[in-house]
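1. Okay, here's the prediction I keep looking at, along with the sequence it came from:
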Amino acid sequence: MSILFRNFCLCAVLIVGVVINIQSEEIDIQGNVIDESGNPVKDAQVKLCKNKLTCLSGDDGNFLLNGNTGINQYASRKNHSFIGIKNRRLQLGDYYNSSISVFSINGAILNNITLEKQNCISIDNLIPSSINSQTLIIRISAGEERINLKTVKCGSQWLWNEVRNGSIYHNLESASAAAVDTLKVSKSGKQTYALPISSLVANLAVIILYDDNSNDNTPSMIGDVDFSEHSKSFKSSFTLTMSTKISNAEIRYTTDGKLPTATSTLYDGKNFTVSKTTQLRAAAFVGNVLSGKSSSAIYIQRNFDYTSEIPIIIMEGYGGGKPKDKYHFIDLAFMTFEPVNGVADINNPPTLVSRAGYHLRGQSSKGFKQSPYRIELWDNDNKDVDYPVLGMPPGSDWALISPCTDNTLIRNVLIFDLGKAMGLATVQYRFAEVFINQDDGALEKADNEGIYALVQPIKNRKNTLNLKKLKPDDTDPAKLSGGYIFKFDQAVADSGMLKLECTGATKMTQGGGGGFGGGGKADSTATCYDDLELVDPPEPNQQQIKWITDYIQQFHDALHAKPAGDWQKYVDMNSFVNNHIINEVTRNVDAWIRSHYMYKDRDNPIKVGPVWDYNFAMGNMTDMGWGGGAKKTGWHILDNRTGSGDWHTMMWKQPEYKSAVKNRYLELRKTILSDDGFNKLVDDCRKPLMHVAIRNFEAWPMGKCYNMGMSTASNDTTWEGQIDSLKIWTKKRLKTLDSLINTLP
């Protein structure tokens, strides 16, 4: 058997051409350690932990580790054409017609595919998406030839071992997912990287050993090269100098966004002129070897001045154009300016500068003229980096939400505030005026994209949900009950989301109205749901998926039993009731079927939240029959468009649930949902925009950003009129609910 590891890089980068020959129980591991610039790293410790074999890399970065051990009794045989897993594909060498079966470790068949006139298939299409960290057998049958690949997922990579013409169930224990040893590579000042060595052949991607910043809690783009001018926006050309405290070092730099190498431009010590938008990246080298941390500075050219009473965000896309989809990041400079004494000024030093990437976000909203975006903040190595943004807790991922469909500019965030006041989990947000430069020239005033809300995306983070975190290797039954985040998102199927498959007997029946309403209904005998996606943990293992799927199914079945079973023990009814009231008050078009988030912490029931996506609510496109009839004024739960899950509909049939809704509504009508209470909530939400809202409509005149010919709450042509109409609509809706609530038990 041989194990081949190619193209590993450590940062210092480990690029290892490792060959482990395990014939006659002999180990032979050899490779090369280099840094990110391709230079050899001396004295990196390479260690097999259990076998207690250790060596150091030499002057040229090479190492050799050998000794005796018993890892696997089998010797693999290689075909002259590659057969195995490479580049996320199962490669079949010379076999262009074959039958492929996937088995679990206990012999259960998971998938079967016949390939004709092709010799490879995507692993994602072959191995069920629910399989994450389980040992599998892939059997390839081509004529009389039979090849078994023993496979296991290790991190994001598939490891495999080839056995030809062997029994599929023979000594499967030897293909255990557990590693029999660990190869560790370490060097002072770097994070140790541990590579599991199992009985499986591996072809792995790049492995990076990052600098150890455990004692540095403040991320920064500035490493061991200082710039005399900090990152900023500017109108006129200026000069700067670069310096380093590293002895006998020379500085090399780039302006194309790439990290410097030993062959990058040498800084001559003179003034460096900045006359256009520039990402300046520099590093210190001693004897052509990278020494210390790289530094980056961003200078954005503009041809105008600008101030605001709310924060200003400048996003510089380096001429990359507008993102085309919601999957591929475009390089971005992200710069914020917060008010000082009530005024944000782009002439001032920015309060935050970060390297970043961005792409479109949302389902229908990604097509808005005032586009919403996902922003990911990056460090110098393109790793996610957590920064506090506009006074919100640190995070690397952010959602820039467009109010394109909402002339009040506040519907989404207003419900964040309402949900928080009612006790539901919510995310934090800040308003900002946003400039986005997507061409090659200087930033112009015409690049003003209007007012956005910068919002924390829904994740398991300390300052949002703070659930217990499940690691990819957590299988302890005591941990499997949480935490999880999941959502109903009809007809969306977000990239990277794992769909939780209902295990009941009958699925929901869908009507002819498709994703936008009409006609779909729940079969009275339904024991299933659709469109339920697991948001967190991001890398669930099979045991975690099974646990939450079983728990949800038990709740679902209890709710659908006749008579209903003990469904209440699975959920926190208070959170479901609060969410129900919000959707009734707002007549949210997407209520209960889209952007409907729920979560479950360890040893706790399911709760609803955080609240999300209320742009089509409170009279804004809610009265056009999307729920099965024009201008409905009754219970929203009875005429909202249906599909996905029917949990709230089934709860509504339970007297104890209706009673809880009634009692909570009457309580809220005395406080936050009183006419005065709700109007104050609106006024508090709109207050930051009172003197700047008009600028949004200079960028996007009312009716020009988004117009599907659907009704809105108001035809007012002023922002103040739109706000007043929102208050009037909600007051009428609450009055209607006052009458309806008295019909409940």
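-> Now that the structure is in, tell me what you want to look at.

2. Report the separation between residue 639 and residue 584.
-> The gap separating residue 639 from residue 584 is 11 Å, by Cβ to Cβ, to the nearest Å. C-beta: built from backbone N, CA, C; applies to glycine.

3. Compare those two and say which is more crowded by neighbours.
-> Between residue 639 and residue 584, residue 584 has the larger neighbour count (other Cβ atoms under 10 Å), namely 22 against 16.

4. for the helix or strand harbouring the more buried one, which positions count as buried?
-> According to DSSP states H and E, residue 584 maps onto helix 573-586. Buried residues in helix 573-586, counted by 16 or more other Cβ atoms under 10 Å: 573, 575-586.

5. can I get the residues you listed in TSV with distance to residue 460 and pLDDT?
-> Listed next are the buried residues of helix 573-586 as TSV, based on distance: Cβ to Cβ, whole Å; pLDDT from 0 to 100:
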residue	distance to residue 460	pLDDT
573	23	96
575	17	97
576	20	97
577	24	98
578	21	98
579	19	97
580	24	97
581	26	98
582	22	98
583	24	95
584	29	96
585	28	96
586	26	95
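
6. Just the closest of these to residue 697, please.
-> Ranked by distance to residue 697 (Cβ to Cβ), those are led by residue 586 at 23.5 Å.

7. can you give me the helices in the stretch 101-250 of the chain?
-> Using DSSP state H, counting those that start in this stretch, the helices of the stretch 101-250 of the chain run over 123-126.

8. pLDDT below threshold where in it?
-> 105-106, 117-118, 129-134, 153-183, 185, 188-218 (pLDDT under 70).

9. Show me the strands in it, by range?
-> For the stretch 101-250 of the chain, strands defined by DSSP state E, counting those that start in this stretch occupy the ranges 109-115, 120-122, 136-142, 145-154, 157-164, 181-186, 193-197, 201-202, 207-208, 226-227, 232-234, 238-240, 242-243, 250-254.

10. Identify the residues contacting the third one?
-> With contacts defined as Cβ atoms under 8 Å, 6 or more residues apart in numbering, strand 136-142 is touched by 83, 90, 92, 95, 97-105, 110, 126-127, 146-152, 160, 168, 172, 175.

11. same thing but 7 Å
-> Strand 136-142 is contacted by residues 90, 92, 95, 97-104, 127, 146-151, 168 when judged by Cβ atoms under 7 Å, 6 or more residues apart in numbering.

12. Now list the buried members of the residues you listed.
-> Buried among those (16+ other Cβ under 10 Å): 90, 92, 95, 98, 100-103, 127, 146-151.

13. Looking at those, which is nearest residue 559?
-> Looking at the buried ones among the contacts of strand 136-142 and their distance to residue 559, the nearest is residue 127, at 32.8 Å (Cβ to Cβ).

14. any idea how far that closest one is from residue 677?
-> Per Cβ to Cβ, residue 127 is found 54 Å from residue 677.

15. what's the answer for residue 554, then?
-> Distance, residue 554 to residue 677, by Cβ to Cβ: 39 Å.

16. Kindly report the same for residue 346.
-> Distance of residue 346 to residue 677, given as Cβ to Cβ: 38 Å.

17. Who has more neighbours out of these two?
-> Applying other Cβ under 10 Å to residue 346 and residue 677 shows that residue 346 carries more neighbours, namely 22 against 15.

18. Right, I'll call it a day here.
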